[in-house]
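# coordinates for the following, if possible.
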Amino acid sequence: MPPETLSVNQKVSFNSLYFQLSNVMEKYGVDLLRIALAIVFIWFGALKVFGMSPAQDLVEKTIYWISPKFFVPFLGVWEVAMGFGLLIKRFIPITIVLMLFHMAGTFLPFIILTKVCFDVFPFCPSLAGQYIIKNLVLVTGALTVAGKYNGRIMKKS
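Model prediction:
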């Protein structure tokens, strides 16, 4: 039911529920985001370590000048380390720096493999392109986490 069709009591009830939820999310939202990012990095990294990543071919074609037998597992270990770095709050500042370097590298296929990333350049990304574009959310999430924890960690030092 659209909000404009709700009765005054329903609107008050909805607003009360929304604001209660909003208060909870203000308190726990960044921590949940930090944990969610950690899970994604640990999971995707582990897939690379064990040679099971659906992104392996994309990584191999993008970083073609380094042996994939070395680089893909190395990248996986890096991602797993970033995941654990997000879980251990005192490591968040260095983890965010590592993550930003990593994320910059994830956009290389747009330059090196444009035809793989777009069905029609620049408006229709392929599945690989969409996989890369979602990294904007990971970067933004990382910056949000960094904003919360950087000040707290610096004060404790």
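# might you report the residue contacts of residue 148?
residue 30 (Cβ atoms under 8 Å, 6 or more residues apart in numbering). Using the backbone N, CA and C atoms, a C-beta is placed for each residue, glycine as well.
# repeat that for residue 44.
Residue 44 touches 53, 55, 76, 79, counting by Cβ under 8 Å, 6+ apart.
# what does residue 72 give?
48, 51, 53, 56, 59, 60.
# neighbours of the closest residue to the first one other than its chain neighbours, how many?
Leaving out its chain neighbours, the residue that sits closest to residue 48 by Cβ to Cβ, 6 or more residues apart in numbering is residue 76, at 2.9 Å. By other Cβ atoms under 10 Å, the residues close to residue 76 number 24.
# for the host helix or strand of residue 76, buried residues please.
Using DSSP states H and E, residue 76 sits within helix 68-87. Judged by neighbour count (16 or more other Cβ atoms under 10 Å), helix 68-87 contains these buried residues: 68, 71-76, 78-83, 85-87.
# likewise for stretch 120-138?
Quick answer for stretch 120-138 (16+ other Cβ under 10 Å): 125, 128, 129, 131, 132, 135, 138.
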